[in-house]
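[1] what follows is a predicted structure for the sequence shown.
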Amino acid sequence: MPSLLSGLFSHRLTATDYSVAIRNPPPDAYDPDGTHATFSLSSPTTATSILPSIDLFFFCAIFLIKEWRDFFSQFAEKQVTAVTIALNNEKLLHKLIARRYHLRDLRLMLPKGADLENENAVRLAVSEILREQESERRGCFQLLLECTVFPILRLFGMFLPPNVLCDRSFKLREEIRELQKEKYDVATVFVTFETEEGQRAALTALATGKIDQYMNNTSNHAPGTLFKDRILRVELPPEPNSVRYLDLSARASKKLFVRIVNFVLTICIVGVCGFAVQKARQNVGTWFSGPLVSIFNSIIPLIIKILMIFEPHSSEGSYQASLYLKITLFRWINTAILTKIITPFTSTVSPVKTDVLAQINAIMWSELWLVPGLRLLDLWGNIKKHFFAPRARNQEIANLSFQGTFYNMGERSVLFSSSEGFVALLMKPNSTPSHIFSHYTPLQIHGPYKVSILYFPCA
């Protein structure tokens, strides 16, 4: 089987097949001899689309550093092609990204060709825009949004007025200049070989136990495998475009703490939703509690994604796996386990509308029609197309309003661990027809998902 898999994927080679990642490099190991052989961006697509052209040196550079090159050349069949140094400059990167977003929003509001680095010209143009906005007549729906929705969105940096964007962008510019003067340590090193054999030889020679790495027990290792009297933790790196550079230097203790906090918050959200479903089932009936479960299954993942903003992950794969586990855990508990818990034993087979058979039937029907219907409606996408686009100040803003809905791979993968199947498995002694629903519902949901991706794609 391994030989079959290697044969299937041998024609799909990427930078990961030639590289290794060092997770515990010496803090000052970014330019020991003071000379650079080459320089380029480690992630050109990400850097050029998010960060300004200035200060890119502080993002991540590729150096052919003599000391790193000489150390890993002993394992290389031919040569070491490049050494990528990632610094622990997350605070600076956050400032750069925030300023780029503010400048992008400000550029869409200002006249075409405005110089965004000229503070006096920008403030003069912003004052003219504010006078125009004050003279415009606003409708009732717009006033309602400004009083209810916009204040909440502005807490997350969305729909900011031009004067606020102007003030923040120039304030961030001064803060960035101060952060440029600080010295940053090395967080992670990526070494790229000329051949796959060099990568495999390095991984084999530098493989060691976790305890030896943590204690830096050098007595059991050959001198040629030590870098500055340090046991390196060498592993396979993720794909270049899945590296989360803002979280590379996060400590394991911080990652563990934040994940525990997010897990506890997820459990608390499950408890609140379960209480609401129980009250709706007792006081109203299953015709309301069933669709309420489906509504919670659609809304709560948005809250979980907000919690995931504060959870550090060194790669996009780790982030998506964590998102998948949290959403799956919530949906399984909210759909099946809570239904089992809040149902008394004497109410498992009776035909009363508040008992478990009616509840399972309501959940299955709502998941079969309500969730695909909400996906096909694409409410936020239609609001942008039919409300924001006609009121756009220029054509570029109007075009951006026609972008589709963004999909996370972790959220999309929840479809294949269907909560309806878990309901059928948990409730099979009570509801045999639930197996029919559990097989048909994923197909029913898959269709609207596919239509959404094809007709509402995110650029």
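    Arrived safely, thanks for sending.
[2] okay, strands next: where are they in this protein?
    19-22, 60-63, 80-87, 186-193, 234-235 (DSSP state E).
[3] chain center to the first one, what's the gap?
    For strand 19-22, the distance between its averaged C-alpha position and the chain's averaged C-alpha position is 23 Å (Cα atoms, centre = their mean, to the nearest Å).
[4] tell me what that strand is packed against?
    strand 186-193, helix 196-205, strand 234-235 (3 or more Cβ pairs under 8 Å, 6 or more residues apart in numbering; DSSP states H and E). (Each C-beta comes from the backbone N, C-alpha and C, glycine too.)
[5] which one is the most centrally placed residue in the chain nearest to, not counting chain neighbours?
    With distances taken as Cα atoms, centre = their mean, the residue of the chain nearest its centroid is Tyr319 (6.0 Å). Nearest in space to Tyr319, with sequence neighbours left out and distances taken as Cβ to Cβ, 6 or more residues apart in numbering, is His313 at 4.1 Å.
[6] still on that earlier bit, can I get the strands of the chain in a markdown table with distance to Leu96?
    Below are the strands of the chain laid out as a markdown table (distance: least, Cβ to Cβ, whole Å):
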| stretch | distance to Leu96 |
| --- | --- |
| strand 19-22 | 23 |
| strand 60-63 | 12 |
| strand 80-87 | 13 |
| strand 186-193 | 16 |
| strand 234-235 | 28 |
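[7] quick one on the thing from earlier: so which of the helices and strands packed on strand 19-22 is the most packed in?
    The highest mean neighbour count among these, using mean count of other Cβ atoms under 10 Å, belongs to strand 186-193: a mean of 23.
[8] what residues are up against the residue nearest to Tyr319?
    Arg244, Asp247, Lys255, Tyr319, Ser322 (Cβ atoms under 8 Å, 6 or more residues apart in numbering).
[9] closest to Ala362 among those?
    If you rank these by distance to Ala362 using Cβ to Cβ, Ser322 comes first, at 31.1 Å.
[10] next one, pLDDT for the closest one please.
    In this model, Ser322 is scored at 89, pLDDT.
[11] go on, Pro237?
    pLDDT for Pro237: 91.
[12] now it: how far from Asn89?
    19 Å (Cβ to Cβ, to the nearest Å).
[13] returning to that earlier point: rebuild the helices and strands packed on strand 19-22 as JSON lines, extending it with distance to Phe170.
    Shown next, in JSON lines, are these (distance: least, Cβ to Cβ, whole Å):
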{"stretch": "strand 186-193", "distance to Phe170": "29"}
{"stretch": "helix 196-205", "distance to Phe170": "46"}
{"stretch": "strand 234-235", "distance to Phe170": "42"}
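[14] of these, which approaches Asn262 most closely?
    Nearest of those (Cβ to Cβ): strand 186-193, 22.7 Å.
[15] for the stretch 1-150 of the chain, give me the ranges with low pLDDT.
    Along the stretch 1-150 of the chain, the parts satisfying pLDDT under 70 run over 1-11, 31-64.
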